[in-house]
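Engineer: I'll drop the sequence and a predicted model, then ask my questions.
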Amino acid sequence: MIVRMKPEANFLMVEHAVRTLEKKGFDVHVANGNGQVLIAALGGGSAEIGLAAAEMPGVENVSAHNGLFLEKPDSFLEAWQYIESKEGR
């Protein structure tokens, strides 16, 4: 799942989202670039958190499907590198 934070989201909002996802069993990776914070929630965590994540302070939207990762677009290169390091590729 990908959580896109609002441009005005502060550090505490991002930290809250990360901690909540970790507590639900996800491995979490944060990418911060060009003023946009993206949180990749990977693994077998609790799927219903997607709806709750959309209601968290500072969250712009949530993409619950990982279709973004079917190819390696340049915009998600950092996330792909993280996935590959976890999978030992």
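Structural biologist: Good, I have the coordinates.

Engineer: flag the shaky bits of the chain, pLDDT-wise.
Structural biologist: Counting by pLDDT under 70, the chain shows low-confidence ranges at 45-48, 51, 65-76, 80, 87-89.

Engineer: all strands for it, in order.
Structural biologist: For the chain, the strands defined by DSSP state E occupy 2-5, 27-33, 36-42, 59-63.

Engineer: look up how far L77 lies from the residue nearest to T20 when sequence neighbours are not counted.
Structural biologist: In space, T20 comes closest to M56 once its chain neighbours are excluded; the distance is 6.8 Å by CB to CB, 6 or more residues apart in numbering. In this view, the C-beta of every residue, glycine as well, is placed from N, C-alpha and C. When CB to CB, to the nearest Å is applied, the distance between M56 and L77 equals 26 Å.

Engineer: ok, L38 next?
Structural biologist: 12 Å.

Engineer: quick one, which of those two is more surrounded?
Structural biologist: Neighbour tally, L38 and L77, criterion other CB atoms under 10 Å: the higher count belongs to L38, 20 against 11.

Engineer: was I right to think that one contacts M5?
Structural biologist: Yes: assessed by CB atoms under 8 Å, L38 is found in contact with M5 at 7.4 Å.

Engineer: out of the strands of the chain, flag the one nearest G50.
Structural biologist: Across the strands of the chain, G50 has its closest neighbour in strand 59-63 (5.3 Å, CB to CB).

Engineer: neighbouring contacts of the closest one?
Structural biologist: Applying CB atoms under 8 Å, 6 or more residues apart in numbering, the contact partners of strand 59-63 are 1-6, 9, 13, 17, 50-51, 53-54.
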